[in-house]
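Participant: Sequence first, then the predicted structure, then my questions.
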Amino acid sequence: MSRIGRAPIEVPGGVTVTVDGPMVKVAGPQGTLERQLPGAITIRQEDSNLIVERPDDQRQNRALHGLSRSLVANMVVGVTAGFTKELEIVGVGYRAAARGPGSLELALGFSHPVLVDALEGVTFDVPTPTRIVVKGIDKEKVGQVAADIRKLRKPEPYKGKGVRYLGERVVRKAGKAAK
């Protein structure tokens with residue numbers, strides 16, 4: 001049995017979970033998230049815990065058991081605390097500027113500024129011109145927006161210039177050997 005899927009999900013106070021067949025709706029202080037569970041996976045509520053169950057031990061149901069439990073647990077964490085991803089920009093002249101809560105302007109060494117619009121429910125914070133904080137309640141959307149920003153100018157291996165996750169280690173290559 002799945003070790004992840006078997007663990008109960010603790011629902012903190014102030015969070016309401018509504019299960020309607022395959023649809024799960026989680027509402028909390030940060031907002032509301034909704035998701036349809038895959039396959040024949042079911043959820044039942046016991047006191048302040050959610051139990052994710054699978055109907056049998058078929059390969060497909062075993063695969064979806066832990067996934068479904070993780071998705072619902074991330075929904076609970078998202079509506080209570082939210083998720084953040086931090087990016088840092090390395091390079092001379094590379095910088096970011098916020099253009100409202102859902103828009104970002106990046107100077108990444110191209111001949112033009114790059115404008116990035118956030119998905120619904122995702123906001124940007126720019127504490128310094130070389131640091132971007134992506135915030136939201138949906139872990140999937142926050143991660144996707146951060147990955148899309150990083151994809152605009154990946155860190156290159158010779159000088160390390162580009163957009164990287166905070167704390168990401170870029171393996172550097174040696175340049176040309178001099179005669």
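Facilitator: In hand now; what should we look at? Residues are numbered from 1 along each chain as shown.

Participant: per-domain residue ranges of this structure.
Facilitator: Annotated domains of the chain cover 3-80, 83-165 [automatic domain parsing].

Participant: is it possible to export those to a markdown table including distance to Lys176 and mean neighbour count?
Facilitator: No exception for glycine: its C-beta is placed from N, CA and C like everyone else's. Below are the domains of the chain laid out as a markdown table (distance: least, Cβ to Cβ, whole Å; neighbours: other Cβ atoms under 10 Å):
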| stretch | distance to Lys176 | mean neighbour count |
| --- | --- | --- |
| domain 3-80 | 46 | 16 |
| domain 83-165 | 10 | 16 |
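
Participant: Take the ones you listed and write them to TSV, including distance to Arg172 and mean pLDDT.
Facilitator: Putting the domains of the chain into TSV (distance: least, Cβ to Cβ, whole Å; pLDDT from 0 to 100) gives the following:
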stretch	distance to Arg172	mean pLDDT
domain 3-80	34	92
domain 83-165	6	94
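
Participant: so can I have CSV of these showing distance to Lys173?
Facilitator: Formatted as CSV, these follow (distance: least, Cβ to Cβ, whole Å):
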stretch, distance to Lys173
domain 3-80, 36
domain 83-165, 4
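
Participant: could I have the helix ranked longest in the chain exported to CSV, CA atoms only?
Facilitator: Looking across the chain with DSSP state H, the single longest helix is helix 59-80. Extracted C-alpha coordinates of helix 59-80, given in CSV (Å, rounded to 0.1, in the frame of the first residue of the first chain):
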residue,chain,number,x,y,z
ARG,A,59,-1.7,-0.7,-10.9
GLN,A,60,-3.5,2.4,-12.0
ASN,A,61,-5.3,2.9,-8.6
ARG,A,62,-2.0,2.4,-6.7
ALA,A,63,-0.4,5.0,-8.9
LEU,A,64,-3.2,7.5,-8.3
HIS,A,65,-3.5,6.9,-4.6
GLY,A,66,-0.4,8.9,-3.4
LEU,A,67,-0.9,11.5,-6.1
SER,A,68,-4.4,12.3,-5.0
ARG,A,69,-3.4,12.5,-1.4
SER,A,70,-0.6,14.9,-2.2
LEU,A,71,-2.8,17.1,-4.4
VAL,A,72,-5.4,17.4,-1.7
ALA,A,73,-2.8,18.0,1.0
ASN,A,74,-1.3,20.8,-1.2
MET,A,75,-4.7,22.4,-1.5
VAL,A,76,-5.1,22.5,2.3
VAL,A,77,-1.6,24.0,2.7
GLY,A,78,-2.3,26.5,-0.1
VAL,A,79,-5.5,27.9,1.4
THR,A,80,-3.9,28.3,4.8
